[in-house]
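Student: got a structure for you, letters missing:
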């Protein structure tokens with residue numbers, strides 16, 4: 001390692017929720033393991049908070065202080081979340097858009 005090299009740090013792992021998937025006789029077993037994050041946004045006022053959008057349509061509110069759990073999970077969309085963005089005027093509000101053709105304000 002050289003001075004000035006960039007080094008990554010795991011902040012949080014996105015795990016798939018096996019209990020959410022309802023499996024019928026004709027469907028394959030759900031995948032267990034890590035989920036796929038599609039976008040993220042850091043809060044402009046509270047520097048330890050950030051949002052992560054997933055392929056499953058969920059949005060996870062996360063904290064750099066608690067890397068083992070999500071602070072809150074929003075069942076936001078029915079398809080992949082393409083973008084999440086904090087409101088620049090009020091730090092508790094954010095917007096999301098998805099492949100399901102919806103934009104939601106939270």
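Tutor: Received the coordinates, thanks. Predicted model only: the values in this text are computed from it and were never measured. Numbers count the residues shown, from 1 in each chain.
Student: which sections of the protein are below the confidence cut-off?
Tutor: For the chain, applying pLDDT under 70 flags the ranges 1, 11, 15-35.
Student: Strands of the chain, residue ranges please.
Tutor: In the chain, the strands defined using DSSP state E lie at 37-42, 49-54, 58-63, 72-75, 81-86, 94-98, 103-105.
Student: In this protein, which residue is most central in space?
Tutor: The centroid of the chain falls nearest to residue 52 when counting by Cα atoms, centre = their mean (2.4 Å).
Student: Please tell me I have it right and it contacts residue 36.
Tutor: No - judged on Cβ atoms under 8 Å, residue 52 makes no contact with residue 36 at a distance of 10.2 Å. Glycine gets a C-beta too; all of them are placed from N, C-alpha and C.
Student: got any residues that touch both of the two?
Tutor: residue 14 (Cβ atoms under 8 Å, 6 or more residues apart in numbering).
Student: Nearest residue to residue 65 in space, please, no chain neighbours.
Tutor: residue 48 (5.3 Å; Cβ to Cβ, 6 or more residues apart in numbering).
Student: Residue 96: what's its closest spatial neighbour, skipping adjacent residues?
Tutor: residue 84 (4.9 Å).
Student: Run through the residues that contact the closest residue to residue 100 other than its chain neighbours.
Tutor: Spatial nearest neighbour of residue 100, chain neighbours left out: residue 79 (4.1 Å); criterion: Cβ to Cβ, 6+ apart. Counting by Cβ under 8 Å, 6+ apart, residue 79 makes contact with 57, 98, 99, 100.
Student: Next: residue 63.
Tutor: Residue 63 sits next to 48, 49, 50, 71 when contact means Cβ under 8 Å, 6+ apart.
Student: what about the first one, neighbour count?
Tutor: It refers to residue 48. 11 (other Cβ atoms under 10 Å).
Student: How much space separates it from residue 64?
Tutor: 5 Å (Cβ to Cβ, to the nearest Å).
Student: Kindly report the same for the last one.
Tutor: As defined by Cβ to Cβ, residue 71 lies at a distance of 11 Å from residue 64.
Student: Now do the same contact list for the residue nearest to the centre of the chain.
Tutor: Residue 52 makes contact with 12, 14, 37, 39, 40, 59, 60, 62, 84, according to Cβ under 8 Å, 6+ apart.
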